[in-house]
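[1] Okay, predicted coordinates and the sequence, questions at the end:
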Amino acid sequence: AQQDNHQTTTRRYSVTEPAIMAFLLSGFASAYVVAPLYRALGIKTAATKVAAPARAASTASATASPLTHVQTANAPAAIGPYSQAVIANGMVYCSGQIPINPKTGKLELGTVQEQAALVLDNLRSVLQAAGTDFDKVVRTTVFLKSMDDFVAVNEIYAQKFGDCRPARAAVQVARLPKDVDVEIDAIAVV
């Protein structure tokens, strides 16, 4: 009988705060996705500044620039342990915005077009607080409850962005925070 010489190796991977921050800052995750992950892992972020992880470089003294957290009263306050936006290396990474009226703090569930307009107004307020605007946006992600709303949201998006044409992904998701119909995040040059 032949003996099986195959060995099984098990690797354990741990998710660390820098890994989660890198995921969040990559633009591929909405803060609404990452916040529950932070809670589950017991990571506390309130009132602390997190330095960006150091990058490998040809010189031993090279490190990443610090992060600047953006907060404005002209957009809805974060509803979890995250920032409205983070500035790093000349770019601003905006968390997803939903149709919450920043003056009242109340959710406004009108038509999908009304929701999209408020979402984009909120996003613009965050961008302006970071020192930039729609004309410097390089990428957005549009999260839709239903792709049937794509055309209606796209009309408002085109009106708000005007001649600016950032790269964009639009995806249908199973559910959005507070059961809204649309959420939009952005990455822009500061």
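    Thanks, I have the structure now. Numbers count the residues shown, from 1 in each chain.

[2] quick one: contacts of the longest helix seen in the chain?
    In the chain, assigned by DSSP state H, the helix with the most residues is helix 112-129. Contacts with helix 112-129, where a contact means Cβ atoms under 8 Å, 6 or more residues apart in numbering, come from 70-72, 74-76, 84-85, 92, 94-95, 97-102, 108-109, 133-134, 136-137, 149, 152-153, 155-157, 160-161, 180-186, 188. C-betas here are computed from N, CA, C, even on glycine.

[3] mind listing what's buried in stretch 108-120?
    Buried residues in stretch 108-120, counted by 16 or more other Cβ atoms under 10 Å: Val112, Gln113, Gln115, Ala116, Ala117, Leu118, Val119, Leu120.

[4] Revised request: answer the last question for stretch 95-105.
    Ser95, Gly96, Gln97, Ile98, Pro99, Ile100, Pro102.

[5] measure the last one to Ala77 for me?
    Remark: distance between Pro102 and Ala77 (Cβ to Cβ, to the nearest Å) = 8 Å.

[6] Which residues are in contact with each of the two?
    Common neighbours of Pro102 and Ala77 are not found (criterion: Cβ under 8 Å, 6+ apart).

[7] All the strands of this protein, in order from the start?
    Along the chain, the segments classed as strands by DSSP state E run 68-70, 85-88, 91-97, 137-144, 167-172, 182-189.

[8] Within the sheet, what are the partner strands of the third one, with directions?
    This points to strand 91-97. Applying DSSP bridges to the sheet, strand 91-97 is found paired with strand 85-88 (antiparallel), strand 182-189 (antiparallel).

[9] Dump these into a markdown table; add distance to Val173 as well.
    A markdown table is the format used below for these (distance: least, Cβ to Cβ, whole Å):
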| stretch | distance to Val173 |
| --- | --- |
| strand 85-88 | 21 |
| strand 182-189 | 8 |
